[in-house]
Each structure stands twice: as C-alpha cells, then as structure tokens.
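>>> sequence first, then the predicted structure, then my questions.
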Amino acid sequence: MDTHALLHAIGWTLFAAGIAQYVAWKLNVPSIIFLIIAGVILGPISGVIDVDQVFGHALNVIIELTVVILLFEGGLNLKFHELKGSSFGVKRLISLGVVVNAVICSFCAHKIGGLSWEISWIIASILVVTGPTAIIPVLRQINVDPKIKKYLKWEAIINDPIGVLMTMISYQYLVYAEGGSSYTIILWSIFKAVGFSILVTAIIGSFIKYVFDKTQYPDFLKIPTVLSVILLIFIVSREVQEGSGLLAVTFLGIYFTNNEMLVFSELRKFKESISVFTVSILFILLSANIDFKIIHALNFRHFLFIAAVVLVVRVIAIFISTIKSDMSWRESLLVGWFGPRGIVAASIAGIIGLRLEEVGFDEAKYILPIVFLVVFATVIIHGISFKYVAKLLGIQIKDGKGLVIVGSSRWATEFAKTLGDLGVKVLIVDSNWYKLKRPRQQGIKVHYGEIVLDIETGQLDLSDYGYLFTATDNNAYNAYVCGSLGEDFGKNNIFQLPLMETEKSRIETLSKSFGGQLLADKDLFYENIKQRIFYGWGFKATQLSKKFKFEDFQKIGEKFGATHLLTVHKDKSLDFITDLKTAKPKPDDIIISFTNRALDNIYGKEKLSAKRNLVKLKPVE
C-alpha cells in the first residue's frame, strides 16, 4: 500500500465529505446526493482517487466495520415505547413486508431486467432494506404524523441487518449448496444467526450494563469500550454465521437504549457525529469506485427494472403486506412510496458483487451499478416527492415552525400570546402545574412535565415545533435543557435568556459550550424582565413595509429603549436576535419587541388588524 497515495486519498475524501455535507445542509436536501456526486467526481471523472489501487481488498474490511457502527447507531434510535399504537404495523413491515418485497423485486429483476434468478434474488435481498441514513434526515425536515415516522424509522433500522443477513445466506446458498442439502443450509444459517444475536445481546448487554452501572468504571472509557465490543462481536460472528454480527450489534443497540443505560447520554452525543463521519467516507469511496464502463453496459431492460423498483415494486409490496394491519390504506401507500435506500444497500452491493464475480457469476458485475442507481434515484425522487404524495393522500404535513417555551411566567405568557396572535404555534412547558394556570386561562397550549424526560420517553410530540426558548429563573437549568435537546431541535434553533452579571463567571462557560444561544440584549435576564413587566413593559408586534423600514423602527426603538427580540417571517419561521446573530428584517416581516408603553405615544395613530391582532405601526409624521 502506497503511504503517499493513501494520505492523498484520505485527505481528498475528508475534504469532499465536509463540503458535501455543508452544501446539503445549506440546501436542506439529503447529503447522500452530494456525497455520491463528490465520489464520482473524485473517482471516475477526475481520477484523483483510485480506490482499487489505494485500498485494494482492505476497502471491503473498512466498509464492513463502518456498517457495523452504523447499525449499532441505528439500534440506539429504537425505543419500545414508540411502538405504542403502531406495533402491529411495524411487525408486518419487518416480517411479511420483507418477504413480499423480496419476491416481487426478484420477479421483476428476472422478468423485466432479464437477469438470472440467482442474481435477481441477490439484488432483491439487498434492495429490501431502506436506509435510515436517507430516511431520518428527511423525516426531520418534514413533520408528518408521528405514527408514520415510527413505521418508517423502525422498518429502516430493523430491515438493514435482516437484508444483509438474507444477502449473505443467499450468497452461501449459491456458492456452497449442493443437491438436497440447500434448504438445510438455509435453515441452519438462519438459526445460527438469530440464536447468536439473541445470545450476544443477553450476555454481553447484561454484562456491560452491570459493569457500567454498578461499578466504578471510568466514564471516559465507556464509549471506547462499547465500540471495541461491537467490533469484536462482528469479528467473532464471522466464524459463527456471516451476517449475524450485523443483526447482533443492532439488537445490542436496541438493548442499550431500552434499559436505561447510564452510558446512553454519552452515546447519544457521540453517535450522530460518528454516523455523519462514516456515511460520508463510505459513500464517497464507493462512488469513486464505480466503473462507468459497467454502467454503459446496462441495457434498456436493466433501466426498466430500476424504474420499476423506484416507482412501483415497494408500493405494491407494502400495500399487500399491511392489509388488515393497524395501518390505513393511505398510510400504507405513503410508507410504500417512501423507500430511499442508503449506505447499507450500497455497501453490501459492493462487497457481494465482487465475491460473486470471483466465483464465476458474470452477471454479478451489474449488482453494484444497479443498486447505486436505485440508491441515487430513490433518494432524489422519494425525498423530493414525499411531502407532495402525503398531501395528495390527504395526510397532514405539519410545518414544524412553532416555538416551545420552557418556564411559565407572566411575561412568558404575554410573549406566547403575542406570537400566537400572529399565527405562530406556541407551547409552554413547566413542571409546576400552578405556574401554568395563567397561560391555560389565556388559551395557550401547555404541557405539564419535565421536558427532557418527556421527550426522551415519547410523551411530548414535537412535530409542530422547531424552536426552543428556555426562560426559567434558573440559568443552569436553561443551559442543561438546551444542551440535552440540541439533537432534537438543532443547535441553531435553541435559545435561552442572558445571564446576570453575578452569574457570568459561574455559568457563562457552561452556556456557551453546552447551552443555547443567548439573547443579544444582555439586560434581558429573568429578574430584569420580571421587574420591567411590573412597571408596564410588554411585547409589541410591528410589521415592516416599504415605507416603514427596519431603520425607522431602530430609530424609535433606540430612543425609547425597545429591544428587538425576534423576527417573524411570512412563512412563520422565527429569527431570534442573539449574541451570534444580528437582525436583517425585510418588508412584510414582523418584529417582536420588548418595549415600554411610552412608545405608544409617539407612533401616531395605530391600526389594529382584527384578523391577526397585529399592531401596524406608522412612523411619526
């Protein structure tokens, strides 16, 4: 292995991965699209990276080990309490749905694609998986009914190892089975895989839980220990039954997240970073390794089969397999339509295609290009069309632009009422039932409970909300809530009150590294706001126009001490003014300010919009 070429390849891969992830985030589209494009540019088009020359057979080892980590990370996302009200539908999707999907897909591959039955079944086994790396980002962007989210998430994560296991067993059947022993080999392989996975989960899971929770095991070693254990499980599993290790580590992840492991909070922070890192590297390397000559060799029937997989096969399979389940026909059609494939399908295609070619299956060279084209097409077509298909089926899509306010008070209630009158969805959360009396009386939606715990246990649905504002009188708690819910809302959408001068040295470092963004006006700490409310301050909504611009508002605000808190845009998205972000309101935007009532005397005549209860302010003549 050429060390210089290896460093060259790693450097370009990491650089391209960072650019691709940023562009995808900026454009709000699945990152897989840009990762594949980056890989194709670095590999087949420019020749900057020659994957075969640099990595050789080591690429398969890298792929397998990173897929293990991804499946373990996926298992950590599956909580049994989420199955409440949808468990029957999920069971259908991960059992009958897999079989029906594989049968229909293999039939189409043979009859439409013109492939042999052997290669058709291998491709079908790979394509039964849907990718959590492609599905979960889309579900974060599109707030569909939580029940449908559960169906899609559980199916994607559970079916990944099942699809890999099916592929590996099928591979063994094709290569090693002889005569009447074929079915015996299949049944024995399935028994070994499932038995090994359950045994490993029960023994290793219980042992790690005991060591971590009951002993003085150091915290800084917990995550490295878990990673080393799951990699060891995968290595050992190859001697028992190839493919069983992927099922075992998925089960282990599910065990960890459903048994109140003390290490879970650390794993939760770590898993998203490692997922982004591994997915980025894998997709770029696999894309860079595609041979365009093989894609050119695909004929019309192959492309017709790809179109059938993308547009028809899964819809029929899911609809058939969920008849008389707890899924409505609309839900079945939507779940059937949305099936973007991800990194696991692409990875296993790269591995199994090469192995089958080596043992004499000439058509195996088509496996990787067909699967990659399906991955690319489903990510783009299903990702873009999901929202429109849901609306066509009459399934509500929530905008997810509402605001959650943690901490009920007189001023928080007035703030929520001001936003609510503008059509912004607001939820006030507090663990003190008495403090929620005022917002309840004002008709504001409230939730009684501890927000971090209730989100963790699924008791609080966030599909209507995309912003978090912590406004309790305890700044350390505010920082804690922001830090704990960073993954749920996104760090750019989490805000908290500024700190008092006496607290800055004690809490400021915590807030900056762990908490949310602080409001820009440093005087708006809790006690100061409370005092100003007592002396008649309040919240005001001001709509800008071409005649009354933001500069006009600033002149008045600076003179009378008004503070610009946030901007409400026409689409009801919010822009808080923080220590990291300045205001850039445009005409038709609405400014929410915290002001003393003396401002009313200089605005001239106020026009009250009864429809939205919006005070439109005119500058002084």
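That came through fine. Residues are numbered from 1 along each chain as shown.

>>> where along the stretch 451-600 of the chain do the helices fall?
Using DSSP state H, counting those that start in this stretch, the helices of the stretch 451-600 of the chain run over 451-456, 475-484, 486-489, 501-514, 526-534, 550-560.

>>> again with the stretch 101-250 of the chain
Using DSSP H, counting those that start in this stretch, the helices found in the stretch 101-250 of the chain span residues 117-127, 132-141, 146-176, 182-214, 222-240, 244-258.

>>> hang on, Ile230 packs against Phe72?
Yes. Ile230 is within contact range of Phe72, at 5.0 Å (criterion: C-beta atoms under 8 Å). Heads up, the C-betas are built off the backbone N, CA and C, glycines and all.

>>> list residues touching both of these two?
Between them, Ile230 and Phe72 share these contacting residues under C-beta atoms under 8 Å, 6 or more residues apart in numbering: 249, 252.

>>> so which of the helices of the stretch 451-600 of the chain is nearest Pro218?
helix 501-514 (20.9 Å; C-beta to C-beta).

>>> now that closest one: average pLDDT?
Averaging pLDDT along helix 501-514 gives 54.

>>> what's the neighbour count on the nearest residue to Gly400 once chain neighbours are set aside?
Closest residue to Gly400 apart from its sequence neighbours, by C-beta to C-beta, 6 or more residues apart in numbering: Asn143 at 3.9 Å. Using other C-beta atoms under 10 Å, Asn143 has 22 neighbouring residues.

>>> for the chain, what helix or strand is lowest in average pLDDT?
Here the helix or strand of the chain ranked lowest by mean pLDDT, DSSP states H and E is strand 607-609, holding a mean of 35.

>>> my read: Ile62 touches Val51, true?
No. Taking contacts as C-beta under 8 Å, Ile62 lies outside contact range of Val51: 10.3 Å.

>>> shared neighbours of those two, anything?
Common contacts of Ile62 and Val51 (C-beta under 8 Å, 6+ apart): Leu285.

>>> looking at those two, which one has more neighbours?
Higher neighbour count among Ile62 and Val51: Val51, with 21 against 15, using other C-beta under 10 Å.

>>> need phi/psi at the closest residue in space to that one that isn't next to it in sequence.
In this structure, Val51 finds its nearest non-sequential neighbour in Asn289, 4.1 Å apart by C-beta to C-beta, 6+ apart. The phi/psi pair for Asn289 (degrees, to the nearest 10) reads phi -90, psi 0.

>>> now do the domain split for this protein, please.
Using automatic domain parsing, the domain ranges for the chain come out as 3-392, 410-616.

>>> JSON lines for those domains, including distance to Leu403?
Formatted as JSON lines, the domains of the chain follow (distance: least, C-beta to C-beta, whole Å):
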{"stretch": "domain 3-392", "distance to Leu403": "14"}
{"stretch": "domain 410-616", "distance to Leu403": "5"}
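
>>> which parts of this structure are strands?
All strands of the chain, identified by DSSP state E, fall at 402-406, 426-430, 445-448, 465-470, 494-496, 517-518, 538-543, 563-568, 574-576, 590-595, 607-609, 614-616.

>>> closest one to Ala307 among the ones you listed?
It's strand 465-470; of those, that one is closest to Ala307 (C-beta to C-beta) at 35.4 Å.

>>> what comes up buried for that closest one?
Residues of strand 465-470 classed as buried: 465-470 (neighbour count, 16 or more other C-beta atoms under 10 Å).

>>> redo those as JSON lines? Include distance to Asp454 and pLDDT.
Shown next, in JSON lines, are those (distance: C-beta to C-beta, whole Å; pLDDT from 0 to 100):
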{"residue": "Tyr465", "distance to Asp454": "13", "pLDDT": "87"}
{"residue": "Gly466", "distance to Asp454": "18", "pLDDT": "86"}
{"residue": "Tyr467", "distance to Asp454": "18", "pLDDT": "91"}
{"residue": "Leu468", "distance to Asp454": "13", "pLDDT": "93"}
{"residue": "Phe469", "distance to Asp454": "17", "pLDDT": "93"}
{"residue": "Thr470", "distance to Asp454": "15", "pLDDT": "92"}
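
>>> now for those residues: which two are most distant?
In those, two members sit farther apart than any others by C-beta to C-beta. They are Gly466 and Thr470, at 15.2 Å.

>>> on that earlier part again, mean pLDDT lowest where, among the helices of the stretch 101-250 of the chain?
Looking at those, the bottom one is helix 132-141 with a mean of 73.

>>> what does it contact?
28, 30-32, 70, 74, 77, 149, 152-153, 156-157, 160, 275, 279, 338, 340-344, 375, 378-379, 382-383, 386.

>>> what subset of those residues is buried?
30-32, 70, 74, 77, 149, 152-153, 156-157, 160, 275, 279, 338, 340-344, 375, 378-379, 382-383, 386.

>>> what number of residues lie near the nearest residue to Asn596 once chain neighbours are set aside?
Nearest residue to Asn596 in three dimensions, chain neighbours excluded: Trp537, at 5.1 Å (C-beta to C-beta, 6+ apart). Residues near Trp537, counting by other C-beta under 10 Å, number 22.

>>> same check, this time on Thr3
Counted with other C-beta under 10 Å, residues neighbouring Thr3 total 7.

>>> could you measure it against Ile10, distance?
Counting by C-beta to C-beta, to the nearest Å, the separation of Thr3 from Ile10 is 11 Å.

>>> go on, Ser573?
Distance from Ser573 to Ile10, by C-beta to C-beta: 39 Å.

>>> try Ile69
Counting by C-beta to C-beta, the gap from Ile69 to Ile10 is 18 Å.

>>> higher neighbour count, these two?
Of the pair Ile69 and Ile10, Ile69 is the one with more neighbours under other C-beta under 10 Å, namely 19 against 14.

>>> Ile428 reaches Ile444, doesn't it?
Yes. Contact criterion C-beta under 8 Å: Ile428 and Ile444 qualify, at 5.9 Å.

>>> more neighbours: Ile230 and Phe72, which one.
Phe72 (29 against 25).

>>> ok, Gly516 to His447 distance?
For Gly516 relative to His447 (C-beta to C-beta), the value is 19 Å.

>>> thanks a lot, catch you later.
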